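S.K.: got a predicted structure here, sequence first:
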Amino acid sequence: MKKSILITGASGNLGSAVVRKFQEEGYTLYAIARGPEGLIDGVQFANVDLTQETAVGDYLRELTQKDPELKSAILLVGAFALGGLKETDGAALEKMIKLNFHTAYYVVRALLPHFEQAGGGQFVLIGSRPGFQPQDAVHSVAYGLSKAMVHYLAEVINAYGKGKGIRASVVIPSTIDTPQNRESMPDADFSKWVPAEGIADAIYFLFTEPGQLLRETVIKVYHES
Ligand SMILES: NC(=O)c1ccc[n+]([C@@H]2O[C@H](COP(=O)([O-])OP(=O)(O)OC[C@H]3O[C@@H](n4cnc5c(N)ncnc54)[C@H](OP(=O)(O)O)[C@@H]3O)[C@@H](O)[C@H]2O)c1
């Protein structure tokens, strides 16, 4: 029997492609989005604001009791903001940390005891180039810093999870071919961007038999951009 997977940001550009991919592959999915609750196209959607630590903890405690086979989480929530060092004040910084880091951290913290008890578990986190290449963060400082926290979180999970069957991978897309990106960069060559389906396939590889052997994995899905 295929295991169950939690997918956050499931209604987003990347999220919907990931949901489709894992649905095709026959996984039991628990999707989090802020849209409607219930069963949508065969997938159980829950409306949870992932910036709210107590709500996240309550939801995941109940879910892991209901489905002990939940041993993987693909954490896709994220948001982007422009702004260099001089423009980025504390509020702008906090907003990005909340949306990019807290939304992942609260889920990791809530699932970790269950993964330990279950003898293992897998997290997939979404990074970005400004999160580890400072030259790419010059015009999006808060975004870059918040994604750097996500990258480091994966490393801490891997250090903690060694010998416990717990691991974290980071998937780093360049520019995803989304309607929003096309609208904000109309003159770009879209063919160089990464289709969300390609990233979903890369994430899926982590769940295959050879993919299960990887540890401390960082997958850069850049295509030509
Ligand atoms: N787009 C790119 O070019 C690009 C490049 C590199 C990395 N990334 C990263 O890839 C990931 C996916 O990007 P995307 O373009 O697919 O994003 P997206 O379409 O904006 O989707 C974001 C998802 O997160 C959900 N979300 C936002 N705030 C939430 C909250 N507080 N609680 C629960 N859910 C929340 C959104 O739900 P609602 O619809 O309800 O808001 C939506 O489902 C992000 O981590 C992003 O940083 C994107």
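M.R.: Cool, got the structure.

S.K.: report the mean confidence score over the helix or strand that contains Gln117.
M.R.: According to DSSP states H and E, Gln117 maps onto helix 103-118. Mean pLDDT, helix 103-118: 98.

S.K.: and it, what does it pack against?
M.R.: Helix 103-118 sits against strand 4-8, helix 53-66, strand 70-75, strand 121-126, helix 141-161, strand 166-173, with contacts defined as 3 or more Cβ pairs under 8 Å, 6 or more residues apart in numbering; DSSP states H and E. (C-beta placed from N, C-alpha, C; glycine too.)

S.K.: now tabulate the ones you listed in CSV and tack on mean pLDDT and distance to Gln133.
M.R.: As requested, the helices and strands packed on helix 103-118 are exported to CSV (pLDDT from 0 to 100; distance: least, Cβ to Cβ, whole Å):
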stretch, mean pLDDT, distance to Gln133
strand 4-8, 98, 25
helix 53-66, 97, 30
strand 70-75, 98, 21
strand 121-126, 98, 16
helix 141-161, 98, 8
strand 166-173, 98, 10
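
S.K.: export the ones you listed as TSV, with columns for mean neighbour count.
M.R.: Converted to TSV, those look like this (neighbours: other Cβ atoms under 10 Å):
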stretch	mean neighbour count
strand 4-8	24
helix 53-66	16
strand 70-75	24
strand 121-126	24
helix 141-161	20
strand 166-173	24
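
S.K.: any chance of those in a markdown table, plus distance to the ligand?
M.R.: Formatted as a markdown table, the helices and strands packed on helix 103-118 follow (distance: least, Cβ to the nearest ligand atom, whole Å):
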| stretch | distance to the ligand |
| --- | --- |
| strand 4-8 | 6 |
| helix 53-66 | 9 |
| strand 70-75 | 8 |
| strand 121-126 | 4 |
| helix 141-161 | 7 |
| strand 166-173 | 4 |
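
S.K.: make a markdown table out of these and add distance to Ile203.
M.R.: As requested, those are exported to a markdown table (distance: least, Cβ to Cβ, whole Å):
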| stretch | distance to Ile203 |
| --- | --- |
| strand 4-8 | 10 |
| helix 53-66 | 20 |
| strand 70-75 | 6 |
| strand 121-126 | 6 |
| helix 141-161 | 14 |
| strand 166-173 | 6 |
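
S.K.: for Gly15, which of these is the nearest?
M.R.: Of all the helices and strands packed on helix 103-118, it is strand 4-8 that lies closest to Gly15, at 6.4 Å by Cβ to Cβ.

S.K.: give me the nearest residue to Lys21, chain neighbours excluded.
M.R.: Of all residues not flanking Lys21 in the chain, Ala200 sits nearest, at 4.0 Å (Cβ to Cβ, 6 or more residues apart in numbering).

S.K.: that neighbour: which element?
M.R.: helix 196-205.

S.K.: could I have the helix holding Gln117 exported to PDB, CA atoms only?
M.R.: Only the C-alpha atoms of helix 103-118 are listed here, as PDB (Å, rounded to 0.1, in the frame of the first residue of the first chain):
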ATOM      1  CA  THR A 103       4.500  27.900   7.500                       C
ATOM      2  CA  ALA A 104       7.100  25.100   7.100                       C
ATOM      3  CA  TYR A 105       8.500  25.100  10.600                       C
ATOM      4  CA  TYR A 106       5.200  24.700  12.400                       C
ATOM      5  CA  VAL A 107       4.300  21.600  10.200                       C
ATOM      6  CA  VAL A 108       7.800  20.100  10.800                       C
ATOM      7  CA  ARG A 109       7.500  20.700  14.500                       C
ATOM      8  CA  ALA A 110       4.100  19.100  14.700                       C
ATOM      9  CA  LEU A 111       4.900  16.100  12.600                       C
ATOM     10  CA  LEU A 112       8.300  15.300  14.000                       C
ATOM     11  CA  PRO A 113       7.100  13.400  17.200                       C
ATOM     12  CA  HIS A 114       4.800  11.300  14.900                       C
ATOM     13  CA  PHE A 115       7.700  10.500  12.500                       C
ATOM     14  CA  GLU A 116       9.900   9.500  15.400                       C
ATOM     15  CA  GLN A 117       7.300   7.200  16.800                       C
ATOM     16  CA  ALA A 118       6.600   5.700  13.400                       C
END
